[in-house]
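[1] model the structure of this input:
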Amino acid sequence: MIPLDPLPNLIDQVYARLLEAIIDRTLLPGQRITQNELADRLGVSRQPISHALHLLHRQGLVAESGRRGFEVTQLDPQRIRELYEVRGAIDALAARLAAARVKEDAVARVQLEAALEAGRAIDDGTPLARLIALDVDFHSAIYRLAGNSARCCLASASPRTNSPIGSASRASRFRTPCICCIARALSRRAADAASR
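    This is a model prediction of the structure:
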């Protein structure tokens, strides 16, 4: 991993770097990790490492390993399915609301078009971390267009609030025709079609 520059949002940077390392399997399931080791590898103090590890622990991506630090958890297929079901319901509601407001929010419409354009540029060599970022951008644009401030706040408050597992599973299908169908339904203001 590349050392980080200490900026005001250092915890978020450490969190993002550790999450990326878990997703791209630089940190393998079952691998034991310590705050000291990670601090050395990232070139930061132990405090932001500690905060980031506790955030990852709450998401179930690392587990405490006693005095030995943390361990990267194995992903549970049942948990992934459950998270995906919940996110699917929330995303469907956001798409339904967005379809009803597509003509009202020009800024959000431009954001959605930009996310779609960026998604069209991906290919088989696009790294998983980039796919996840594109997926989050696409869904954030829909949430903003939906106009529901509670969902919008959840989606954009911090990278921590989006389930990395759900984003990873959705990102693997970012190029499917489904994304284009959602975009067409939104532009037609077809709420039922957008939410499917």
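
[2] helices of this structure, residue ranges please.
    Ranges of helices within the chain are 10-23, 35-42, 46-58, 77-101, 106-120, 128-146, 149-156, 164-171, 177-187, 191-194, based on DSSP state H.

[3] ok, which of those comes nearest Glu71?
    helix 46-58 (10.3 Å; CB to CB). For the C-beta atoms, the positions are set from N, CA and C on the backbone; glycine is no exception.

[4] run through who's touching the closest one.
    10-11, 13-15, 18-19, 22, 33, 35-36, 38-39, 42, 62-64, 70, 160 (CB atoms under 8 Å, 6 or more residues apart in numbering).

[5] got the buried residues for that helix?
    Using 16 or more other CB atoms under 10 Å as the test for burial, helix 46-58 gives Pro48, Ile49, Ala52, Leu53, Leu55, Leu56.

[6] check stretch 13-24 too.
    Neighbour counts over stretch 13-24 (16+ other CB under 10 Å) mark Gln13, Val14, Tyr15, Ala16, Arg17, Leu18, Leu19, Glu20, Ala21, Ile22, Ile23 as buried.

[7] which intervals of this structure have sub-threshold pLDDT?
    Along the chain, segments meeting pLDDT under 70 span 2-8, 149-196.

[8] state the distance from the residue lying farthest from the centre of the chain to Arg46.
    Most distant residue from the mean C-alpha position of the chain: Arg67, 30.2 Å away (CA atoms, centre = their mean). Separation of Arg67 from Arg46 (CB to CB, to the nearest Å): 15 Å.

[9] Gly66 too?
    17 Å.
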